[in-house]
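# Just a sequence and a predicted model for now, questions to come.
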Amino acid sequence: MKPNYIHKTVSCNDMYGAANGLIQRLQAVQNPAARLVTRTQRRDHISPVLRQLHWLPVRQRVTFKLAVLVFKALRGLAPRYLADDCQLVTDAGRRHLLRSSESATCLLQRTNTRFGDRAF
């Protein structure tokens, strides 16, 4: 028997730049899950519970996962299609004489749509 819903796995890089409402809904799922695992009362603060479990809040987890993905892409540990989209400014031959050339700044590819701007 087939389920009557479509299940789509959402990765953290899909969530970067997502609306606050969606992030809050995901956080509203994570909080009771943390309380269930630790058997914490509903009236107790959730931050110490998340810290005890070593779980990041949803927004911070999205940022962390994206940072890890960029790190791996810059070090050659990510798939080639991701590494091609992630270039440092100094590797692209720009800003050799500026102080900003010493910092690790990535180039951003410009797009014509908001959906394209959210892509890796």
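Here it is on my side, so go on.

# Report the mean confidence score over stretch 84-98.
Stretch 84-98 shows a mean pLDDT of 63.

# and the gap between His33 and Phe71?
You called it His, but residue 33 is Ala. Per Cβ to Cβ, to the nearest Å, Ala33 is found 28 Å from Phe71. Using the backbone N, CA and C atoms, a C-beta is placed for each residue, glycine as well.

# pLDDT below threshold where in this protein?
Applying pLDDT under 70 to the chain flags residues 1-14, 89-104, 107-111, 114-120.

# So which residues of it form helices?
Using DSSP state H, the helices of the chain run over 12-15, 20-38, 47-53, 58-75, 80-85, 114-118.

# For the second one, report the contacting residues that lie outside it.
Applying Cβ atoms under 8 Å, 6 or more residues apart in numbering, the contact partners of helix 20-38 are 15, 40-42, 44, 46, 49-50, 52-53, 55, 57-59, 62.

# And the residues you listed, which of them are buried?
15, 40, 46, 49-50, 55, 58-59, 62 (16 or more other Cβ atoms under 10 Å).

# need those residues in CSV with distance to Thr105, can you?
Below are those laid out as CSV (distance: Cβ to Cβ, whole Å):
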residue, distance to Thr105
Met15, 23
Thr40, 42
Ile46, 35
Val49, 37
Leu50, 32
Trp55, 31
Val58, 27
Arg59, 23
Val62, 21
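
# ok, of those, which one's closest to Ala78?
Val62 (17.2 Å; Cβ to Cβ).

# Check whether that closest one really touches Gly17, as I assumed.
No - look at Val62 against Gly17 with Cβ atoms under 8 Å: they stay out of range, at 9.1 Å.

# Adding distance to Cys106, write the helices of the chain out as CSV.
Output for the helices of the chain, formatted as CSV (distance: least, Cβ to Cβ, whole Å):
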stretch, distance to Cys106
helix 12-15, 14
helix 20-38, 23
helix 47-53, 29
helix 58-75, 7
helix 80-85, 9
helix 114-118, 14
